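*Asks:* please work out how this folds:
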Amino acid sequence: MTVNNHGDYRSQQLVYLNAGHENPSMVRANGTLERLETSGPILGIFKAARYTTKTTAFQTQDVLNTFTDGVVDARSNSGESFGIDRVQALLSTPTASANNPEQLLSATLDALKEHCQEADQFDDTTLLIMKAL
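*Replies:* Model (predicted):
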């Protein structure tokens with residue numbers, strides 16, 4: 001995902017595109033969860049690939065949650081993936097609704113650690129959580 005504010009942070013607009021990662025989510029200031037739907041192939045796979053940017057509001061107290069597929073694909077000892085449903089459930093908690101990115105990050109990492117325990121992982125688990133001030 002690429003984020004661009006066209007040089008003016010005061011616009012309160014998030015311009016983004018996706019090149020093969022999971023769709024990001026936005027927890028709005030009022031606690032509403034919004035999935036930012038995007039499309040686009042993995043970067044570098046197709047020579048003539050085209051990507052379309054989208055724009056959404058990114059207003060004070062909104063929290064943007066982005067993550068790599070390694071979060072969704074993280075495996076437990078029994079081989080069960082963490083899954084998008086668990087990510088979405090975390091984003092629907094009072095912690096997320098309180099628009100506290102530090103607590104949301106901690107809660108997500110704790111849930112991943114509990115799910116994976118000692119299982120070997122095959123991919124990175126990268127999260128980026130940003131709050132509009």
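
*Asks:* now the helices for this protein?
*Replies:* For the chain, the helices defined by DSSP state H cover 69-72, 83-91, 94-97, 101-116.

*Asks:* any idea of the pLDDT on Asn5?
*Replies:* Looking at Asn5, its pLDDT reads 50.

*Asks:* roughly how far does the residue nearest to Leu64 when sequence neighbours are not counted sit from Gly70?
*Replies:* Nearest residue to Leu64, sequence neighbours excluded (C-beta to C-beta, 6 or more residues apart in numbering): Met130, at 4.7 Å. From N, CA and C alone the C-beta is placed, and that goes for glycine too. Taking C-beta to C-beta, to the nearest Å as the measure, Met130 and Gly70 are separated by 19 Å.

*Asks:* let me see the contact set for the residue lying closest to Gly40 once chain neighbours are set aside.
*Replies:* Here the nearest residue to Gly40 in space, its sequence neighbours aside, is Tyr51; by C-beta to C-beta, 6+ apart that works out to 4.6 Å. With contact taken as C-beta atoms under 8 Å, 6 or more residues apart in numbering, Tyr51 is in contact with Leu17, Asn18, Ala19, Gly40.

*Asks:* ok, those vs Gln88, which is closest?
*Replies:* Nearest to Gln88, judged by C-beta to C-beta, of those is Asn18 at 17.0 Å.
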